[in-house]
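> Sequence first, predicted model second:
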Amino acid sequence: MKKNILVISGSPRKGGNSDLLCDRLMEGAQSVGHQTEKIYIRDKKINYCTGCGNCFNKRLCSQKDDMAEVLEKMIDANVIVMATPVYFYTLNAQMKTLIDRCCARYTEINGKEFCFIMTAADGNKNSLERTLESFRGFTDCLDGAIEKGVIYGTGVWQKGEVKGKTVMEEAYRMGASL
């Protein structure tokens, strides 16, 4: 079955390590006929949640920015891939802001498959568990969310350092397996 795969890149650097892993996963997914789209959070205007409560009362966010478009794409996708560089052992601010702003329509992001991509300078995979738990905290709030896989891009700091590492092939295989 052909799937609609939405890749959300939290990388502030085009061509950064997590961004390159997104591209490789997309190549794998496309190789088996899936439709893919990548959203760069850095290219979107997504404001912080203000806690106004409008989303609870009216199921609509009071802010007028790009988040409504992103949410619509998340709701329409079969698979959502979320990628972040790891800053101080957790999600970067761009990804966390996007997650927080899902509040208005999170109940419509149901029955989705999720993949997570994380990159860090730290070479120890176990050091990324806090970041993974942050992603899982989000998907725990979604009905029927299914975790399909996790990519750990460890030991990469400089832009493009992930190239040539085995994790690039892991990302391709994960995309092809969706």
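Nice, I can see it.
> List the contacts of the one helix or strand in the chain whose mean pLDDT sits lowest.
Using mean pLDDT, DSSP states H and E, the weakest-scoring helix or strand in the chain turns out to be helix 54-58, at a mean of 85. Helix 54-58 is contacted from outside by 60-62, 103-105, using CB atoms under 8 Å, 6 or more residues apart in numbering. (C-beta placed from N, C-alpha, C; glycine too.)
> chain center to it, what's the gap?
Computed by CA atoms, centre = their mean, to the nearest Å, the chain-centroid distance of helix 54-58 equals 25 Å.
> Dump the contacts of helix 54-58 to CSV, plus secondary structure, neighbour count and pLDDT.
Shown next, in CSV, are the contacts of helix 54-58 (DSSP: H, G, I helix; E, B strand; the rest coil; neighbours: other CB atoms under 10 Å; pLDDT from 0 to 100):
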residue, secondary structure, neighbour count, pLDDT
L60, coil, 11, 86
C61, coil, 21, 91
S62, coil, 12, 92
C103, helix, 19, 93
A104, helix, 20, 92
R105, helix, 18, 94
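> Break down the chain into its helices, ranges please.
17-31, 54-58, 67-76, 93-100, 129-139, 166-177 (DSSP state H).
> Out of the ones you listed, flag the one nearest P85.
Comparing the helices of the chain against P85 with CB to CB, the closest turns out to be helix 17-31 (5.1 Å).
> Can you name every helix or strand that that closest one contacts?
Contacts defined by 3 or more CB pairs under 8 Å, 6 or more residues apart in numbering; DSSP states H and E place helix 17-31 against strand 4-9, strand 35-40, strand 79-85, strand 113-119, strand 146-153, helix 166-177.
> Out of those, flag the one nearest E72.
Going by CB to CB, the one of those nearest E72 is strand 4-9, 10.4 Å.
> Tell me which residue lies nearest the centroid of the chain.
Nearest to the mean C-alpha position of the chain, by CA atoms, centre = their mean, lies M82 at 1.1 Å.
> any idea what sits nearest it, other than its immediate chain neighbours?
Leaving aside its sequence neighbours, M82 sits nearest to I8 (CB to CB, 6 or more residues apart in numbering; 5.1 Å).
> Can you check what pLDDT the model gives A77?
pLDDT, A77: 98.
> show me the contacts for T107.
T107 makes contact with D143, according to CB under 8 Å, 6+ apart.
> Single out the most deeply packed of the helices of the chain.
Burial of those is given as mean neighbour count (mean count of other CB atoms under 10 Å); helix 17-31 ranks first at a mean of 23.
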